[in-house]
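Undergrad: Let's see this in three dimensions:
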Amino acid sequence: MNLAESIAEAKDRREAPIIAEVKRIIPKLADREGRPKDERNAGRLARIYQEGGAIGISLVTEGKYFGGQPEEDIPAVLQSTALPLLIKDFILDEEKVDFYVDLISRSGKERLGRVTLLLTAHWVGDRLPAMLSYVHSKGMLALVETRKPEDLSYLDSSSQLPRLVGINNKNIDELEKGEDQIRLTSELVSRYREVVGDCLLISQSAHQRPQDVRRSIDAGADAILVGTAFIVATEPVKTVASFVHALENGR
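TA: All right, here's what the predicted structure looks like:
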């Protein structure tokens, strides 16, 4: 099952589709609190998130700023859970895509269908249509991460629209070190819909409480990506579950 299918199934169950993140270094907390690199087993964390009801795993594999270790963590996650996997890195060219195709294929080529690669629109720029096509040609999905609807202007009229578009509530150019604030609104979602129609919109970052999930869903998001709140949780299964069931009874 890929990420788009997993999101759709959660929505059918009337649950909040939660993508739970494994991240070795949280730059904001490393700077402010001296939080060390998280050395927990990525596969075990993925299983914990799955137990809490997450519909997908996001794995930050960028090494310089986020401490990612793809050669170790990608196989661990793919082998420990059947959930879809979103790989988050600074992917700017086909060479980096090929790196991940090779790495994933070592665990079994059939697993490529479970994988989504993150493409940050304003970094990829004019090459976004070609990069989207290349990722799709390898049997994977792409999540196009944006700051604003205008970032999608790199998609020309002949481009195949992405199935997944991320709206980051924080600034990736600043390594998401800003304050946690859900900036997604129904007006903003409407502007995205004018460009990408019924693609799946994912609200990324800044979700610290279940009520943040409700706010993004009420604004029109199809799914939520949560990182720090789960990584620092003392009882991650319960924390993930509280986000998954955030829409129940207005809790």
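Undergrad: use CA for all of it now, contacts and neighbours both
TA: Fine.
Undergrad: Please enumerate the helices of the stretch 151-251 of the chain.
TA: 186-196, 210-219, 228-231, 236-244 (DSSP state H, counting those that start in this stretch).
Undergrad: packing partners for the longest one?
TA: Under the contact criterion of 3 or more Cα pairs under 8 Å, 6 or more residues apart in numbering; DSSP states H and E, helix 186-196 touches helix 210-219.
Undergrad: Also the shortest one?
TA: The criterion is 3+ Cα pairs under 8 Å, 6+ apart, and the helices and strands that helix 228-231 contacts are strand 18-22, helix 236-244.
Undergrad: To residue 188, which of those lies closest?
TA: Within the helices and strands packed on helix 228-231, the stretch nearest residue 188 is strand 18-22; the backing value is 20.7 Å (Cα to Cα).
Undergrad: what about residue 167, how many neighbours?
TA: 24 (other Cα atoms under 10 Å).
Undergrad: which residues sit in contact with it?
TA: Contact analysis of residue 167 by Cα atoms under 8 Å, 6 or more residues apart in numbering lists 145-148, 184, 201-204.
Undergrad: can you pick the most crowded of the residues you listed?
TA: Of the contacts of residue 167, with other Cα under 10 Å as the count, residue 203 tops at 28 neighbours.
Undergrad: pretty sure that one contacts residue 219?
TA: No: look at residue 203 against residue 219 with Cα atoms under 8 Å: they stay out of range, at 9.8 Å.
Undergrad: Spell out which residues are contacts of both of those two.
TA: Shared contacts of residue 203 and residue 219, defined by Cα under 8 Å, 6+ apart, comprise residue 184.
Undergrad: now, which of the contacts of residue 167 sits nearest residue 231?
TA: residue 204 (15.0 Å).
Undergrad: Does the closest one touch residue 222 like I think?
TA: No: look at residue 204 against residue 222 with Cα under 8 Å: they stay out of range, at 11.1 Å.
Undergrad: Tell me both backbone torsions, phi and psi, for the closest residue to residue 88 other than its chain neighbours.
TA: Nearest non-adjacent residue to residue 88, counting by Cα to Cα, 6 or more residues apart in numbering: residue 60, 4.7 Å away. When read as degrees, to the nearest 10, the backbone of residue 60 gives phi -80, psi 120.
Undergrad: go on, residue 129?
TA: According to degrees, to the nearest 10, residue 129 has phi -60, psi -40.
Undergrad: Can you give me the neighbour number for it?
TA: For residue 129, using other Cα under 10 Å, the count is 19.
Undergrad: wait, doesn't it sit right on residue 152?
TA: No: counting by Cα under 8 Å, residue 129 does not reach residue 152; the two are 10.1 Å apart.
Undergrad: for the protein, what spans make up the strands?
TA: Using DSSP state E, the strands of the chain run over 18-22, 56-60, 85-88, 115-120, 141-146, 164-168, 200-204, 223-226.
Undergrad: OK, contacts around residue 207?
TA: Taking Cα under 8 Å, 6+ apart as the definition, contacts of residue 207 comprise 180-182, 213, 225-226, 229.
Undergrad: repeat for residue 49
TA: Residue 49 touches 20, 57, 236-237, 240, counting by Cα under 8 Å, 6+ apart.
Undergrad: can you check residue 92 too?
TA: Applying Cα under 8 Å, 6+ apart, the residues near residue 92 are 119, 123-124.
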